[in-house]
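Visitor: All I have is the shape, not the residue letters:
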């Protein structure tokens, strides 16, 4: 057994250049397979990661629109909704958000600039927790806190685009904006928010201020940021927490159940990539079969000699088979390395988290060996069928 | 027809061996040969090309099967053996020396010699030691780690002889052993054969060269598939 392995290894090592050329097909095939599957998994992982961060943790509670149809007062969200929600396990941040009806009032800066033509700037109101609930990132300054809210301070935070249109990019000089005739001090500018794009175009003031200035009766919506995986649960619990007597009067926006989307994307990508890899592997296998067959023809006299030295047909067949398996295994090993490097490299360039199934990384060299086995079967049979007299004649 | 030999157990015993190659036209390469080679004999089989001497060598070396007749090697009836057993018998009992050496270029001289013990079940640890001894016997102890391609023709043939001897065969079968060598190297090879003969080895040398043939203790001539004395 060990002799066979030694003989096969020596046979493989005898022609290093050919070995490299022979493995090339398998290297490419396995590299394509590992690389594409690795990148597929990585890409799908990125997609699902974005899902997780952006949408999968967002729950929005709003009053049911139908409630107000027959003149009866629509369900109103209570002001203490954030406090009620905050008690739920799995909630990371919660805040209210409301659009304010400002009538004919315009939002202007001190020089009368009002953001030019197009859609007028929105004025919105929020609780102090809103910023956190929508994953707000501040460009400069700060968000208002409960103190501003309770005192009904005339302060605002500008959305990103609102700030651009009003020509305000610093808050250290305490710039002011006018809403109608009332001046408000800008204390912060948002850089980005998630899920509530309308905040970008808005001037946001504390709820308390809005209550005083525009008689805001109740919040429009409650924005909830949950822990990963808790969104479904919170979506069920939130209406009951807010409106224990009448939870069905509230509408809840929750992310779709995870899994369905992710699975769909992954299987689409992987099916395509696997097909590509399989084609490459087929080509690699044909390459091994071809070169092994060629090498059988070249080594006819060696085969004859071995037969003369007492090798049975079986020995010859197994030797060529083992050689072919070694070539396939080496190709698989190299290909796996190339594929892993490819996956990590692309991930590094694209700033992704590389994801690679361990089974793939460890199974691929074995796959290469298996391809070698299949590819070597015919040449091995051919070699064993060579008659020793034919093989020893001539030369 | 068979030559009576004094030694009790003949190495080779062929009775009425024939080998036809199916045609058309059918070729009667060996047409009824009786041949006995006794232990320690040094026999030469000489004949022109086309006389069937290569076929006889293949039959003697168990590389080919007679169409009919009886062939006993060391008393073992080879006709009834299956391929596997024939391969084992071939590896154990016969040492081949070919005209074109048939050394593996990518292996060292030592490895080439050790190769002939791989298929006959000599334990790994003994192989290298025995290969060294065999190479010393043919005067090549200074070339053991060389590649065969760096050796002269005479040296290569001596490696081949060492390889044939190392498994301790009953019969050394040489096919035109000097065919690819100049006269000086050929003479060296024939001297090795003489030494082996004097040590009691059984040798059969197949050649078309009378000069080579005359060195043997006994000569048979093969013409048109039959032996002439």
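Guide: Arrived safely. Predicted model only: the values in this text are computed from it and were never measured.

Visitor: what's the burial count for the nearest residue to residue A:312 once chain neighbours are set aside?
Guide: Nearest residue to residue A:312, sequence neighbours excluded (CB to CB, 6 or more residues apart in numbering or on different chains): residue B:87, at 4.0 Å. For every residue, glycine as well, the C-beta is placed using N, CA and C. Counted with other CB atoms under 10 Å in any protein chain shown, residues neighbouring residue B:87 total 26.

Visitor: can you tell me which residue is nearest the centre of chain A?
Guide: residue A:46 (1.4 Å; CA atoms, centre = their mean).

Visitor: element containing that residue, please.
Guide: helix A:16-50 (DSSP states H and E).

Visitor: Now the phi/psi pair for the residue in the stretch 1-150 of chain A that chain B sits nearest to, please.
Guide: Nearest to chain B, among the residues of the stretch 1-150 of chain A, is residue A:14, at 3.5 Å (CB to the nearest CB). The phi/psi pair for residue A:14 (degrees, to the nearest 10) reads phi -60, psi -30.

Visitor: which ones are touching it?
Guide: B:104-107 (CB atoms under 8 Å, 6 or more residues apart in numbering or on different chains).

Visitor: Looking at these, which are in strands?
Guide: Using DSSP state E, the subset of the contacts of residue A:14 located in strands is empty.

Visitor: Return a ChimeraX selection command for the buried portion of those.
Guide: The ChimeraX command for the buried members of these (criterion: 16 or more other CB atoms under 10 Å in any protein chain shown) is given here:
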select /B:104,106,107
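
Visitor: from the contacts of residue A:14, which is closest to chain A?
Guide: Distances from chain A to the contacts of residue A:14, taken by CB to the nearest CB, are shortest for residue B:106, at 3.5 Å.

Visitor: so the closest one makes contact with residue A:9?
Guide: No: the pair residue B:106 and residue A:9 does not pass the contact test of CB atoms under 8 Å, sitting 11.5 Å apart.

Visitor: For the spatially closest residue to residue A:131 that is not a sequence neighbour, which three-state class applies?
Guide: With sequence-adjacent residues excluded and distances taken as CB to CB, 6+ apart, residue A:131 is closest to residue A:143, at 4.0 Å. For residue A:143, the assignment made with DSSP: H, G, I helix; E, B strand; the rest coil gives coil.

Visitor: Show me which residues of the helix or strand containing the residue nearest to residue A:312 are buried.
Guide: Per DSSP H and E, residue B:87 falls inside helix B:83-93. For helix B:83-93, burial by neighbour count (16+ other CB under 10 Å) applies to B:86-93.

Visitor: what's the answer for stretch A:279-290, then?
Guide: Buried, per 16+ other CB under 10 Å, within stretch A:279-290: A:280-281, A:284-285, A:287-289.

Visitor: Would you check the residues you listed and say which has the weakest pLDDT?
Guide: Among the buried residues of stretch A:279-290, residue A:280 carries the lowest pLDDT, at 79.

Visitor: can you give me the strands for chain B?
Guide: B:12-21, B:27-37, B:42-46, B:68-73, B:76-77, B:94-97, B:171-175, B:203-207, B:218-223, B:226-228.

Visitor: Residue A:169 against residue A:163, yeah?
Guide: Yes: at 6.4 Å, residue A:169 counts as touching residue A:163 under the criterion of CB under 8 Å.

Visitor: more neighbours, those two?
Guide: Shown here are residue A:169 and residue A:163; by other CB under 10 Å, residue A:163 has more neighbours (26 against 12).

Visitor: The one helix or strand the more buried one maps to: how far from the chain's middle?
Guide: For residue A:163, the host element (DSSP H and E) is helix A:160-166. Taking the mean of its C-alpha atoms, helix A:160-166 sits 31 Å from the chain's own mean (CA atoms, centre = their mean, to the nearest Å).
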